[in-house]
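J.: The following block contains a protein sequence and its predicted model.
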Amino acid sequence: MSRILNTEIIISVIEKLVKKACYELDDNLMCSFRKAY
(Lines give C-alpha, C1' and ligand atoms only; values in the text may rest on other atoms or scores of the structure.)
Protein backbone atom coordinates (compact mmCIF):
# COMPACT_ATOMS: atom_id res chain seq x y z
CA MET A 1 0.00 0.00 0.00
CA SER A 2 2.74 2.45 0.95
CA ARG A 3 4.66 1.52 -2.21
CA ILE A 4 1.68 2.52 -4.38
CA LEU A 5 1.33 5.80 -2.48
CA ASN A 6 5.03 6.56 -2.89
CA THR A 7 4.81 5.84 -6.62
CA GLU A 8 1.90 8.26 -6.99
CA ILE A 9 3.85 10.95 -5.12
CA ILE A 10 6.92 10.41 -7.30
CA ILE A 11 4.83 10.57 -10.49
CA SER A 12 3.15 13.81 -9.36
CA VAL A 13 6.54 15.36 -8.55
CA ILE A 14 7.92 14.35 -11.96
CA GLU A 15 4.87 15.87 -13.68
CA LYS A 16 5.38 19.14 -11.79
CA LEU A 17 9.05 19.23 -12.77
CA VAL A 18 8.22 18.59 -16.43
CA LYS A 19 5.57 21.34 -16.43
CA LYS A 20 8.00 23.73 -14.73
CA ALA A 21 10.68 23.00 -17.33
CA CYS A 22 8.10 23.43 -20.09
CA TYR A 23 7.09 26.86 -18.81
CA GLU A 24 10.70 27.98 -18.31
CA LEU A 25 11.94 26.77 -21.70
CA ASP A 26 9.73 27.64 -24.67
CA ASP A 27 11.72 25.42 -27.04
CA ASN A 28 11.55 22.46 -24.65
CA LEU A 29 11.08 19.12 -26.43
CA MET A 30 8.14 18.10 -24.22
CA CYS A 31 6.45 21.44 -24.94
CA SER A 32 6.78 20.96 -28.69
CA PHE A 33 5.54 17.39 -28.44
CA ARG A 34 2.48 18.39 -26.40
CA LYS A 35 1.61 21.23 -28.79
CA ALA A 36 1.92 18.89 -31.80
CA TYR A 37 -0.54 16.41 -30.25
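T.: On my side now, so go ahead. Computed from a predicted model, the values in this text were never measured in an experiment.
J.: can you give me the offset of the lengthiest helix in the chain from its chain's centre?
T.: Ranked by residue count and defined by DSSP state H, the top helix of the chain is helix 2-24. Distance, stretch centre to chain centre, for helix 2-24: 6 Å (Cα atoms, centre = their mean, to the nearest Å).
J.: which helices and strands does it pack with?
T.: Counting contacts by 3 or more Cβ pairs under 8 Å, 6 or more residues apart in numbering; DSSP states H and E, helix 2-24 packs against helix 29-36. Backbone N, C-alpha and C define where each C-beta goes, glycine included.
J.: Okay, now the unreliable bits of this protein?
T.: Judged by pLDDT under 70, the chain has its weakly predicted residues at 1, 22, 26-31, 37.
J.: try 80 this time
T.: 1-5, 21-37 (pLDDT under 80).
J.: Check it and tell me which residue is nearest its centre.
T.: The centre of the chain sits closest to Glu15, judged by Cα atoms, centre = their mean, with a distance of 2.5 Å.
J.: quick one: that one from Ser32, how far?
T.: Going from Glu15 to Ser32 by Cβ to Cβ, to the nearest Å gives 18 Å.
J.: swap in Lys19?
T.: Lys19 is 14 Å from Ser32, where distance means Cβ to Cβ.
J.: Next: Ile4.
T.: Per Cβ to Cβ, Ile4 is found 32 Å from Ser32.
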